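Participant: the sequence isn't on hand, but the structure is:
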């Protein structure tokens with residue numbers, strides 16, 4: 001089954017809601033009109049009963065009583081559809097208008113009461129296919145002789161009006177529901193036009209047009225959060241595509257240089273006969289390039305695993321102070337060669353993968369040693385506070401311009417692109433550090449001011 005469009009759904013729901021409101025209103029309106037007719041009939045019947053009661057009250061003698069039937073006929077002249085029946089104490093009919101046919105229960109209800117009924121109860125019945133409303137009360141003549149009087153109204157015209165009223169009302173509700181559905185469809189189409197405009201603009205966005213944005217103004221307030229979220233998504237996609245493009249370009253650039261070097265060395269070696277030592281020198285030089293490319297490919301695969309994420313860190317208790325001291329021992333010879341000292345303060349313990357954390361710290365410490373001037377020191381500070389362990393790797397040296405700080409953790413990014421072949425690596429070390437830290441649920445920041453650069457890691461700590 002094909003799903004309904006949003007316009008059709010809203011129009012249908014609007015029509016159903018309006019129909020329910022109209023039906024409820026029609027029901028109560030019908031009840032009010034019917035109650036009005038009943039009240040009018042009761043008022044008219046009470047008026048006739050009061051008139052008849054007044055005539056009986058002034059009949060004191062038999063002569064006056066004998067004149068009552070004529071007086072009743074005169075009083076009822078012009079009241080078509082009105083029927084009156086008067087019975088005496090024995091239940092015999094004393095007076096009756098033509099075609100007066102009352103149900104026995106109406107008269108017997110009064111006659112069966114010892115004191116009679118002084119207040120009539122409105123009843124409705126059908127006799128010979130005609131509907132009536134009537135009531136009966138007990139009354140007495142001036143000399144105290146009891147009688148029972150019943151008065152009835154022909155309400156066929158009321159019934160006919162109510163039937164016509166209900167039919168017209170049902171037809172009006174049906175037409176109103178159809179009109180509501182049509183108007184609701186047009187109103188919904190008009191109301192959703194901004195959404196169609198947004199859809200049209202979104203359909204025009206492609207990988208080549210990621211710089212396009214939805215307008216921030218001119219939209220209904222309900223669509224503004226959607227436009228803002230979509231623009232933010234486009235910004236992320238645009239940035240990801242740009243980074244991917246740069247990443248591909250950087251990979252090609254990084255691999256082209258060693259491949260070109262290998263090709264040149266091989267061509268030179270093959271251009272003429274050479275001694276065994278000369279061939280060995282060419283092979284050693286080629287091996288260095290192979291090792292560099294192997295390291296680059298390994299780092300790229302490692303980053304791909306952390307991105308997906310396919311590399312899950314282990315969960316073991318890691319003493320960061322001990323790991324840093326081992327790294328100091330490892331870098332000691334290189335640091336002495338560069339006349340750089342290594343200093344550690346504080347302690348911290350975290351839960352994670354020891355080898356992964358060791359690799360991240362190794363990248364930061366080697367990076368700090370590489371950029372520390374001779375005669376200065378690299379400081380690694382550890383601390384624990386409120387369930388967090390912080391590792392700060394600080395080294396003096398040339399400040400990093402502020403515009404480069406947000407991109408230091410990008411792959412293949414270098415502050416000075418001209419320094420890409422002097423042993424500084426492929427530019428993946430800090431990207432690996434960030435991936436490892438985030439895989440452990442931590443974060444990393446960098447600041448550079450006052451001739452000092454500081455990398456700070458924050459990781460979930462383990463209390464001693």
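Facilitator: Everything's here; your move. This structure is a prediction, so every number in the text was calculated from the model and none was measured. Residues are numbered from 1 along each chain as shown.

Participant: what is the lengthiest helix in the chain packed up against?
Facilitator: Across the chain, the longest stretch assigned as helix under DSSP state H is helix 6-57. The contact analysis (3 or more Cβ pairs under 8 Å, 6 or more residues apart in numbering; DSSP states H and E) places helix 6-57 against helix 68-75, strand 82-87, strand 130-140, strand 146-154, helix 156-191. Where C-beta positions appear, they are placed from N, C-alpha and C, glycine not excepted.

Participant: ok, then the element right after that helix?
Facilitator: helix 62-66 (DSSP states H and E).

Participant: mind listing what's buried in that following helix?
Facilitator: By neighbour count on 16 or more other Cβ atoms under 10 Å, the buried set for helix 62-66 is 64, 65.

Participant: now stretch 77-96
Facilitator: 82, 83, 84, 85, 86, 87, 94, 95, 96.

Participant: okay, how far is it across stretch 187-201, tip to tip?
Facilitator: 22 Å (Cα to Cα, to the nearest Å).

Participant: chain center to that stretch, what's the gap?
Facilitator: The chain centre lies 19 Å from the centre of stretch 187-201; the measure is Cα atoms, centre = their mean, to the nearest Å.

Participant: and stretch 291-302, by the same measure?
Facilitator: Put simply, stretch 291-302 sits 45 Å off its chain's centre (Cα atoms, centre = their mean).

Participant: just stretch 365-380 next, same as before
Facilitator: Here stretch 365-380 is found 52 Å from its chain centre; the criterion is Cα atoms, centre = their mean.

Participant: how about TSV for the helices and strands packed on helix 6-57, with distance to residue 341 added?
Facilitator: TSV is the format used below for the helices and strands packed on helix 6-57 (distance: least, Cβ to Cβ, whole Å):
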stretch	distance to residue 341
helix 68-75	130
strand 82-87	124
strand 130-140	114
strand 146-154	118
helix 156-191	72
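
Participant: so which residues make contact with stretch 368-388?
Facilitator: 320-321, 324, 331, 334-335, 338-349, 365, 389-398, 424, 453, 455, 458-461, 463 (Cβ atoms under 8 Å, 6 or more residues apart in numbering).

Participant: for PyMOL, write a command that selects the buried ones of those residues.
Facilitator: A single PyMOL command is used to select the members of the contacts of stretch 368-388 judged buried by 16+ other Cβ under 10 Å:
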select buried, resi 320+321+324+331+335+340+342+344+346+348+349+365+389+390+391+392+393+394+395+396+397+453+455+458+459+461
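
Participant: span of stretch 136-147 from start to end?
Facilitator: So stretch 136-147: terminal residues 11 Å apart, Cα to Cα.

Participant: pLDDT of that stretch, averaged?
Facilitator: Averaged across stretch 136-147, pLDDT comes to 86.

Participant: got it, and stretch 178-192?
Facilitator: 83.

Participant: pull out the buried positions in it.
Facilitator: Those would be 180, 181, 184, 185, 188, 192, for stretch 178-192 by 16+ other Cβ under 10 Å.

Participant: now do the contacts for the first one.
Facilitator: Residues in contact with residue 180 (Cβ under 8 Å, 6+ apart) are 14, 15, 18, 19.

Participant: same thing but at 7 Å, please
Facilitator: Residue 180 makes contact with 14, 15, 18, according to Cβ atoms under 7 Å, 6 or more residues apart in numbering.

Participant: most neighbours out of these, which is it?
Facilitator: Neighbour counts for these were taken using other Cβ atoms under 10 Å; the highest belongs to residue 15, with 20 neighbours.

Participant: the closest residue to that residue other than its chain neighbours: what's it in contact with?
Facilitator: Closest residue to residue 15 apart from its sequence neighbours, by Cβ to Cβ, 6 or more residues apart in numbering: residue 181 at 3.7 Å. Residues in contact with residue 181 (Cβ under 7 Å, 6+ apart) are 11, 12, 15.

Participant: can you give me the helices in the stretch 351-464 of the chain?
Facilitator: 354-370, 429-439 (DSSP state H, counting those that start in this stretch).

Participant: typed the wrong thing, it's the stretch 151-300 of the chain
Facilitator: 156-191, 193-203, 224-271, 276-307.

Participant: can you redo the ones you listed as TSV with distance to residue 444?
Facilitator: Conversion of the helices of the stretch 151-300 of the chain to TSV gives the following (distance: least, Cβ to Cβ, whole Å):
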stretch	distance to residue 444
helix 156-191	48
helix 193-203	36
helix 224-271	18
helix 276-307	13
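
Participant: looking at those, which is nearest to residue 139?
Facilitator: helix 156-191 (27.1 Å; Cβ to Cβ).

Participant: taking helix 6-57 as reference, get the angle to the closest one.
Facilitator: Helix 156-191 and helix 6-57 are oriented at 160 degrees to each other (axes from the mean of the first three to the mean of the last three Cα atoms, to 10 degrees).

Participant: how far off centre is helix 156-191?
Facilitator: 35 Å.

Participant: closest one to residue 447 among the helices of the stretch 151-300 of the chain?
Facilitator: Short answer: helix 224-271, nearest of the helices of the stretch 151-300 of the chain by Cβ to Cβ, at 22.9 Å.

Participant: which helices and strands sit right next to that closest one?
Facilitator: Helices and strands touching helix 224-271, by 3 or more Cβ pairs under 7 Å, 6 or more residues apart in numbering; DSSP states H and E, are helix 276-307.

Participant: next structured bit after the helix it packs on?
Facilitator: Using DSSP H and E, the next helix or strand after helix 276-307 towards the C-terminus is strand 316-319.

Participant: what residues does that next one touch?
Facilitator: So strand 316-319 is contacted by 349, 350, 351, 352, 354, 357, 462 (Cβ under 7 Å, 6+ apart).

Participant: likewise for stretch 54-64?
Facilitator: With contact meaning Cβ under 7 Å, 6+ apart, stretch 54-64 is reached by 65, 68, 71, 72, 139, 140, 141, 142, 143, 147.

Participant: could you rerun that using 8 Å?
Facilitator: Contact with stretch 54-64 is made by 65, 67-68, 71-72, 75, 139-143, 147, 149, as judged by Cβ under 8 Å, 6+ apart.

Participant: among those, which two are most distant?
Facilitator: Going by Cβ to Cβ, the pair spanning these furthest: 75 and 143, at 20.8 Å.

Participant: those two: who's more crowded?
Facilitator: Set side by side, residue 75 and residue 143 show more neighbours around residue 75, with 16 against 11, by other Cβ under 10 Å.

Participant: and the more buried one, how far from residue 38?
Facilitator: 24 Å (Cβ to Cβ, to the nearest Å).

Participant: residue 110 against residue 147, yeah?
Facilitator: No. Counting by Cβ atoms under 8 Å, residue 110 stays clear of residue 147, with 9.9 Å between them.

Participant: hang on, the earlier thing: with the buried residues of stretch 77-96 in mind, which one is nearest to residue 126?
Facilitator: residue 83 (14.0 Å).

Participant: ok, now which ones touch the closest one?
Facilitator: By Cβ under 8 Å, 6+ apart, the residues touching residue 83 are 96, 97, 99, 100, 101, 102, 132, 134, 151, 152, 153, 154.
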